[in-house]
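Novice: sequence and predicted structure below; questions after.
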Amino acid sequence: MRDPLFSDRRDAGRVLSRKLSAHARRSDVLVLALPRGGVPVGYEVALALQVPLDVFVVRKLGVPGQGEFAMGAIASGGLRVMNDGVVRMLGIGPDEIDAVVQAEQLELARREQLYREGWPPLAVDGRTVLLVDDGLATGSTMRAALLALRALQPARTVVAVPTGARETCEALRRDADEVVCATQPEPFRAVGCWYEDFSQTGDDEVRALLQAARSSHRR
(Lines give C-alpha, C1' and ligand atoms only; values in the text may rest on other atoms or scores of the structure.)
Protein backbone atom coordinates (compact mmCIF):
# COMPACT_ATOMS: atom_id res chain seq x y z
CA MET A 1 0.00 0.00 0.00
CA ARG A 2 1.30 3.45 -0.90
CA ASP A 3 1.95 6.15 1.68
CA PRO A 4 -0.77 8.78 2.26
CA LEU A 5 -0.65 11.80 -0.03
CA PHE A 6 -1.86 14.32 2.58
CA SER A 7 -1.34 14.71 6.31
CA ASP A 8 -4.93 15.92 6.81
CA ARG A 9 -7.72 17.79 5.03
CA ARG A 10 -6.17 21.22 5.49
CA ASP A 11 -2.91 20.01 4.00
CA ALA A 12 -4.94 18.62 1.09
CA GLY A 13 -6.62 22.00 0.66
CA ARG A 14 -3.27 23.73 0.37
CA VAL A 15 -2.18 21.26 -2.32
CA LEU A 16 -5.47 21.69 -4.18
CA SER A 17 -5.27 25.48 -4.05
CA ARG A 18 -2.10 25.40 -6.17
CA LYS A 19 -4.10 23.72 -8.95
CA LEU A 20 -6.69 26.51 -8.79
CA SER A 21 -4.40 29.55 -8.93
CA ALA A 22 -6.09 30.87 -12.09
CA HIS A 23 -9.11 31.72 -9.90
CA ALA A 24 -7.17 33.74 -7.31
CA ARG A 25 -8.38 37.20 -6.27
CA ARG A 26 -11.29 37.21 -8.72
CA SER A 27 -14.42 39.01 -7.59
CA ASP A 28 -16.69 36.59 -9.49
CA VAL A 29 -15.34 33.46 -7.76
CA LEU A 30 -16.46 31.80 -4.54
CA VAL A 31 -15.81 28.49 -2.83
CA LEU A 32 -18.73 26.33 -1.75
CA ALA A 33 -17.60 23.45 0.46
CA LEU A 34 -19.64 20.32 1.09
CA PRO A 35 -19.97 19.75 4.86
CA ARG A 36 -18.51 18.38 6.76
CA GLY A 37 -15.26 16.97 5.34
CA GLY A 38 -15.09 19.43 2.48
CA VAL A 39 -14.95 22.47 4.75
CA PRO A 40 -11.32 22.20 5.99
CA VAL A 41 -10.27 21.66 2.37
CA GLY A 42 -12.40 24.55 1.13
CA TYR A 43 -11.12 26.83 3.87
CA GLU A 44 -7.52 26.47 2.72
CA VAL A 45 -8.53 26.93 -0.92
CA ALA A 46 -10.51 30.09 -0.18
CA LEU A 47 -7.70 31.45 2.01
CA ALA A 48 -5.04 30.87 -0.65
CA LEU A 49 -7.15 32.27 -3.50
CA GLN A 50 -8.47 35.16 -1.38
CA VAL A 51 -12.09 34.49 -2.31
CA PRO A 52 -15.21 33.99 -0.11
CA LEU A 53 -16.10 30.65 1.47
CA ASP A 54 -19.55 29.29 2.17
CA VAL A 55 -21.08 25.87 2.72
CA PHE A 56 -23.42 24.18 0.31
CA VAL A 57 -25.44 21.81 2.42
CA VAL A 58 -26.81 19.08 0.21
CA ARG A 59 -28.69 15.96 1.18
CA LYS A 60 -29.07 13.22 -1.34
CA LEU A 61 -32.58 11.79 -1.63
CA GLY A 62 -32.01 8.07 -1.72
CA VAL A 63 -34.41 5.63 -3.32
CA PRO A 64 -36.43 3.92 -0.56
CA GLY A 65 -34.57 0.75 0.40
CA GLN A 66 -31.57 1.74 -1.76
CA GLY A 67 -30.20 4.78 0.02
CA GLU A 68 -27.05 5.09 -2.11
CA PHE A 69 -29.10 5.33 -5.33
CA ALA A 70 -30.11 8.98 -5.69
CA MET A 71 -33.54 9.96 -6.96
CA GLY A 72 -32.86 13.64 -6.31
CA ALA A 73 -31.43 16.08 -3.80
CA ILE A 74 -32.31 18.94 -1.51
CA ALA A 75 -29.84 21.71 -0.83
CA SER A 76 -29.14 25.07 0.72
CA GLY A 77 -31.65 27.77 -0.16
CA GLY A 78 -34.70 25.49 -0.18
CA LEU A 79 -33.78 23.77 -3.43
CA ARG A 80 -35.36 20.47 -4.31
CA VAL A 81 -34.46 18.70 -7.53
CA MET A 82 -35.69 15.30 -8.63
CA ASN A 83 -34.46 12.81 -11.20
CA ASP A 84 -37.81 12.21 -12.84
CA GLY A 85 -36.41 9.36 -14.94
CA VAL A 86 -35.42 7.37 -11.85
CA VAL A 87 -38.74 8.11 -10.15
CA ARG A 88 -40.71 6.88 -13.17
CA MET A 89 -38.49 3.86 -13.81
CA LEU A 90 -38.84 2.59 -10.23
CA GLY A 91 -42.47 3.63 -9.79
CA ILE A 92 -41.77 5.67 -6.66
CA GLY A 93 -44.96 7.29 -5.38
CA PRO A 94 -45.43 10.83 -4.02
CA ASP A 95 -45.91 9.60 -0.45
CA GLU A 96 -42.60 7.70 -0.57
CA ILE A 97 -40.81 10.76 -1.95
CA ASP A 98 -42.33 13.03 0.70
CA ALA A 99 -41.20 10.69 3.50
CA VAL A 100 -37.59 10.73 2.28
CA VAL A 101 -37.65 14.50 1.73
CA GLN A 102 -39.07 15.16 5.19
CA ALA A 103 -36.35 13.10 6.89
CA GLU A 104 -33.53 14.74 4.95
CA GLN A 105 -34.94 18.24 5.41
CA LEU A 106 -34.66 17.87 9.18
CA GLU A 107 -30.93 17.18 8.97
CA LEU A 108 -30.38 19.88 6.33
CA ALA A 109 -32.19 22.46 8.46
CA ARG A 110 -30.16 21.45 11.51
CA ARG A 111 -26.89 21.92 9.66
CA GLU A 112 -27.98 25.17 8.01
CA GLN A 113 -28.91 26.71 11.35
CA LEU A 114 -25.79 25.42 13.09
CA TYR A 115 -23.29 26.49 10.44
CA ARG A 116 -24.74 29.79 9.24
CA GLU A 117 -25.36 31.39 12.63
CA GLY A 118 -27.61 33.97 11.00
CA TRP A 119 -25.43 34.60 7.95
CA PRO A 120 -27.33 34.42 4.64
CA PRO A 121 -26.05 32.19 1.83
CA LEU A 122 -23.64 33.84 -0.60
CA ALA A 123 -25.15 34.80 -3.97
CA VAL A 124 -24.28 32.24 -6.63
CA ASP A 125 -26.01 33.47 -9.78
CA GLY A 126 -23.61 34.67 -12.46
CA ARG A 127 -20.50 33.61 -10.52
CA THR A 128 -17.88 30.90 -10.89
CA VAL A 129 -18.39 28.37 -8.10
CA LEU A 130 -15.60 26.11 -6.90
CA LEU A 131 -17.47 23.16 -5.41
CA VAL A 132 -15.05 21.52 -2.97
CA ASP A 133 -15.02 18.21 -1.12
CA ASP A 134 -12.28 16.09 0.45
CA GLY A 135 -12.34 13.49 -2.31
CA LEU A 136 -14.39 11.57 -4.85
CA ALA A 137 -15.09 7.87 -4.66
CA THR A 138 -18.46 7.12 -6.31
CA GLY A 139 -19.22 10.83 -6.78
CA SER A 140 -22.90 10.44 -5.88
CA THR A 141 -22.96 13.30 -3.35
CA MET A 142 -21.08 15.62 -5.70
CA ARG A 143 -23.48 14.82 -8.54
CA ALA A 144 -26.41 15.64 -6.27
CA ALA A 145 -24.73 18.92 -5.31
CA LEU A 146 -24.13 19.85 -8.96
CA LEU A 147 -27.74 19.06 -9.81
CA ALA A 148 -28.98 21.33 -7.04
CA LEU A 149 -26.43 24.06 -7.71
CA ARG A 150 -27.42 24.30 -11.36
CA ALA A 151 -30.84 25.60 -10.29
CA LEU A 152 -29.13 28.65 -8.76
CA GLN A 153 -27.73 29.62 -12.18
CA PRO A 154 -24.00 30.00 -11.57
CA ALA A 155 -21.99 31.17 -14.56
CA ARG A 156 -19.58 28.25 -14.22
CA THR A 157 -19.20 25.22 -11.96
CA VAL A 158 -15.81 23.80 -11.06
CA VAL A 159 -15.59 20.56 -9.08
CA ALA A 160 -12.38 20.70 -7.05
CA VAL A 161 -11.03 17.86 -4.89
CA PRO A 162 -7.60 16.82 -3.61
CA THR A 163 -8.02 13.21 -4.71
CA GLY A 164 -10.47 11.04 -6.58
CA ALA A 165 -11.04 7.88 -8.54
CA ARG A 166 -10.04 8.49 -12.15
CA GLU A 167 -13.29 7.16 -13.63
CA THR A 168 -15.39 9.27 -11.25
CA CYS A 169 -13.47 12.46 -12.06
CA GLU A 170 -13.92 11.78 -15.77
CA ALA A 171 -17.63 11.03 -15.40
CA LEU A 172 -18.25 14.31 -13.54
CA ARG A 173 -16.95 16.26 -16.53
CA ARG A 174 -20.38 15.63 -18.07
CA ASP A 175 -22.04 17.51 -15.18
CA ALA A 176 -19.55 20.30 -14.38
CA ASP A 177 -17.87 22.89 -16.56
CA GLU A 178 -14.49 21.83 -15.16
CA VAL A 179 -13.15 19.14 -12.84
CA VAL A 180 -9.90 19.72 -10.94
CA CYS A 181 -8.73 16.57 -9.20
CA ALA A 182 -5.24 17.15 -7.80
CA THR A 183 -4.35 13.45 -7.56
CA GLN A 184 -5.87 10.32 -9.08
CA PRO A 185 -4.00 7.38 -7.52
CA GLU A 186 -4.58 3.85 -8.79
CA PRO A 187 -5.89 1.61 -7.45
CA PHE A 188 -7.99 4.21 -5.66
CA ARG A 189 -9.82 2.09 -3.05
CA ALA A 190 -11.25 4.87 -0.84
CA VAL A 191 -10.78 8.59 -0.12
CA GLY A 192 -9.49 7.97 3.41
CA CYS A 193 -6.61 5.81 2.12
CA TRP A 194 -4.82 8.95 0.94
CA TYR A 195 -4.92 10.85 4.23
CA GLU A 196 -2.72 10.23 7.23
CA ASP A 197 -5.45 11.76 9.41
CA PHE A 198 -8.96 11.22 8.06
CA SER A 199 -10.80 11.55 11.34
CA GLN A 200 -14.33 12.87 11.14
CA THR A 201 -14.75 16.63 10.83
CA GLY A 202 -17.00 17.87 13.62
CA ASP A 203 -19.66 20.56 13.58
CA ASP A 204 -17.57 22.78 15.87
CA GLU A 205 -14.65 22.69 13.42
CA VAL A 206 -16.96 23.59 10.53
CA ARG A 207 -18.33 26.57 12.44
CA ALA A 208 -14.88 27.77 13.49
CA LEU A 209 -13.51 27.62 9.95
CA LEU A 210 -16.50 29.45 8.49
CA GLN A 211 -16.16 32.18 11.12
CA ALA A 212 -12.44 32.51 10.38
CA ALA A 213 -13.08 32.68 6.63
CA ARG A 214 -15.70 35.42 7.03
CA SER A 215 -13.36 37.42 9.24
CA SER A 216 -10.42 36.99 6.87
CA HIS A 217 -12.37 38.02 3.76
CA ARG A 218 -13.78 41.18 5.39
CA ARG A 219 -10.31 42.61 5.99
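Specialist: It's in.

Novice: so which strand or helix has Leu152?
Specialist: According to DSSP states H and E, Leu152 maps onto no helix or strand at all.

Novice: so, low pLDDT: which residues of the chain?
Specialist: 1-2, 68, 218-219 (pLDDT under 70).

Novice: using the record's domain definitions, break it down for me.
Specialist: Domains of the chain are assigned by automatic domain parsing as 9-56+124-218, 60-115.

Novice: any chance of those in JSON lines, plus mean neighbour count and distance to Asp3?
Specialist: All C-beta spots, glycine's among them, are computed from the backbone N, C-alpha and C. Converted to JSON lines, the domains of the chain look like this (neighbours: other Cβ atoms under 10 Å; distance: least, Cβ to Cβ, whole Å):
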{"stretch": "domain 9-56+124-218", "mean neighbour count": "19", "distance to Asp3": "8"}
{"stretch": "domain 60-115", "mean neighbour count": "16", "distance to Asp3": "30"}
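
Novice: please enumerate the helices of this structure.
Specialist: Ranges of helices in the chain, per DSSP state H, are 9-18, 38-49, 84-90, 94-116, 140-150, 166-172, 203-218.

Novice: Serialize these to TSV and add fields for distance to Ala73.
Specialist: Compiled in TSV, the helices of the chain are given as follows (distance: least, Cβ to Cβ, whole Å):
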stretch	distance to Ala73
helix 9-18	23
helix 38-49	15
helix 84-90	12
helix 94-116	9
helix 140-150	4
helix 166-172	15
helix 203-218	20
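
Novice: so which of the ones you listed gets nearest Thr183?
Specialist: Across those, Thr183 has its closest neighbour in helix 9-18 (7.9 Å, Cβ to Cβ).

Novice: quick one: distance of the closest one to the chain centre.
Specialist: Computed by Cα atoms, centre = their mean, to the nearest Å, the chain-centroid distance of helix 9-18 equals 15 Å.

Novice: can you name the residues in contact with it?
Specialist: Contact partners of helix 9-18, identified using Cβ atoms under 8 Å, 6 or more residues apart in numbering, comprise 5-6, 37, 40-45, 47-49, 132, 134, 160-163, 180, 182-183, 195, 198, 201.

Novice: before we move on, back to that, for Arg26, which of the helices of the chain is the nearest?
Specialist: Distance to Arg26, taken as Cβ to Cβ, is lowest for helix 38-49 among the helices of the chain, at 8.0 Å.

Novice: distance between that closest one and the chain's centre?
Specialist: Distance of helix 38-49 from the chain centroid (Cα atoms, centre = their mean) equals 12 Å.
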